[in-house]
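S.K.: fold the following for me, if possible:
(2 chains)
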Amino acid sequence: MEAENHRYNQIIDFLADAMTPQEKDQFKQWLNQSENNKELFLRVKIFWEKSEKDAHPSSVEAWDKIRQTIKDQNGDVLKMRFIKLSVAASLLLLLTSGWLIYQAKQNLIYYATNENSFRKDTLDDGSIIYLYPSSSIQLRKDKNILKLSGAAYFVVPKNCLNPLTVQVGGTNIKVKGTSFRVNLGNQKGDISLMVESGEVEWIQNHSHSQSLLVHAGEQAYFSNLQKSSWKEPKKEDIYIIYQPKLNHQ
Amino acid sequence: MKTRILLILLFSFMNGFPQVDNALKRMQLYEGSVYVTYGHRITEVFSELDYKMGVGLFPKTNIAFLNYQQLVLLMQDTAKREQWSQEKYMEARNRLKQHAPGGRIILYVERFDMYQTNNKFFFIIIRGNDENKIFEYQLPYKAAELVTTDVFSNWAIIDVDVPLPECFFIYVNHKMTEHLSDTKFLVEQNAAPLQKPAE
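M.R.: From the prediction side, this is the model:
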């Protein structure tokens, strides 16, 4: 083992040009003695050249290299932290949104009819809704607000603490225990309201102070064009609106 | 062109619904009269009725119209009030679907001849805007009722078993007259005026 180490040292001295001419001649004689020696020399030479290439020429460059490595490592750490936070925030957002959607769905009821069908529904509080063709309602149970599109007939029990509000065509109908029929009749956005029993308060959104109290046996109208509402006694189902003058025969 | 055979169906859900509204009986219509029945605007386009004003005799041919949706609502109201079973409700609903998808015409007539006021002399034709025939119905025998000593009346409920357009014409004809058509009405569905009354 000692002899082998000695040979290694000699090869390294040769490669590092650290031999006297006499030692060099002796080393070359040894090298030419066998193929094994040449092979050993080549292996050490390869290792030596590689070591020389990796060696740092100066301490300044070495420090620079060390600093750069530390900087890269810090950058990776920050990047990892950012990714982790992003993932956590996304998960939180997803969970919150899911919870909100779930809650909203729990509190939301939606019914609709096509052009040839009617629908009758009974709500938790015992209210009955008859939905006319091509109509829909959307009920927020938590706020007791019902959005109506089309026409419907309501029979609603009295609820002083949390009265039902029907939103239709930009107006609000506050229900005070009653049965009534609402019709968002035409494309102009005109609304007709007919109260059969009890009373309702009809509030226009754009002028909240103006409200109309419609009692049983009255029907009320809201003109979207004039932005005004009025009421009149309920008309008969059959009535003449124009009668021509007669020529006596 | 085929004459459609219809039944005058007095459904059980008609209980409580006045078969002929008193307002329909009271109305005296002339050519050009415009009136509203159940939200539908009806115009009497022409009439060949012979008004004997000198002696105060005014014959009447008055019609009212209910569309299919209104019939279903009426049925639902009755079902609610009378607490029908699901079976009874479905039976009535199916009958409506089958016999009255076009709605219902209520006819009220007053004449001065008892024999000629029998329903068997009346027939109804419905035509579209293009005057193509959509529906025809021959009223069955039903004897006249006495209104006063000189005036006789009759009425009928006619279910229309074909879907109808938004606007259509109803001809109410009498077999014993010399006219091709006796009374023509224009029906405009859901066209009741929504106007602020004059102050």
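S.K.: got the buried residues for stretch B:67-84?
M.R.: Neighbour-count burial for stretch B:67-84 flags B:67-76, B:78-79, B:84 (criterion: 16 or more other Cβ atoms under 10 Å in any protein chain shown). Bear in mind the C-beta positions are built from the backbone N, C-alpha and C, glycine included.
S.K.: tell me which two of the residues you listed sit farthest apart.
M.R.: The most widely separated members of the buried residues of stretch B:67-84, counting by Cβ to Cβ, are B:67 and B:84 (22.0 Å).
S.K.: helix or strand for the most centrally placed residue in chain A, which one?
M.R.: With distances taken as Cα atoms, centre = their mean, residue A:97 lies nearest the centre of chain A, 6.3 Å away. Using DSSP states H and E, residue A:97 falls within helix A:59-107.
S.K.: repeat that for residue B:173.
M.R.: Counting by DSSP H and E, residue B:173 is part of strand B:167-174.
S.K.: mind checking how far that strand is from the chain centre?
M.R.: Chain-centre distance of strand B:167-174: 10 Å, with Cα atoms, centre = their mean, to the nearest Å.
S.K.: that one - contacts with which helices or strands?
M.R.: In terms of contacts (3 or more Cβ pairs under 8 Å, 6 or more residues apart in numbering or on different chains; DSSP states H and E), strand B:167-174 is packed against strand B:60-66, strand B:103-111, strand B:122-127, strand B:183-188.
S.K.: out of these, which comes closest to chain A?
M.R.: When the helices and strands packed on strand B:167-174 are compared by Cβ to the nearest Cβ, strand B:60-66 sits nearest chain A, at 5.9 Å.
S.K.: buried residues in the closest one?
M.R.: B:60-66.
S.K.: any part of the following helix or strand past that strand near chain A?
M.R.: Sequence-wise, the next helix or strand downstream of strand B:60-66 (DSSP H and E) is helix B:68-82. Yes: for helix B:68-82 and chain A, the contact criterion (Cβ under 8 Å from any Cβ of the partner chain) is met by B:68-69, B:72-73, B:76, B:80.
S.K.: between these, which is nearest residue A:21?
M.R.: Of all the residues of helix B:68-82 next to chain A, residue A:21 sits closest to residue B:69, with 121.1 Å by Cβ to Cβ.
S.K.: and residue B:115, how many neighbours?
M.R.: Using other Cβ atoms under 10 Å in any protein chain shown, residue B:115 has 11 neighbouring residues.
S.K.: wait, I meant residue B:27
M.R.: Using other Cβ under 10 Å, residue B:27 has 20 neighbouring residues.
S.K.: can I assume it is in contact with residue B:60?
M.R.: Yes: Residue B:27 is within contact range of residue B:60, at 7.5 Å (criterion: Cβ atoms under 8 Å).
S.K.: let me see the domain layout of chain A.
M.R.: In the domain annotation for chain A, the residue ranges read A:2-54, A:113-233 (automatic domain parsing).
S.K.: identify, out of the ones you listed, the most deeply packed stretch.
M.R.: Neighbour counts (mean count of other Cβ atoms under 10 Å in any protein chain shown) averaged over each of those peak at domain A:113-233, with a mean of 17.
S.K.: does that one reach chain B?
M.R.: Yes: counting by Cβ under 8 Å from any Cβ, chain B has neighbours in domain A:113-233: A:116, A:118, A:120, A:128, A:130, A:132-133, A:153, A:185-186, A:190, A:192, A:221, A:223, A:226, A:228, A:230, A:232.
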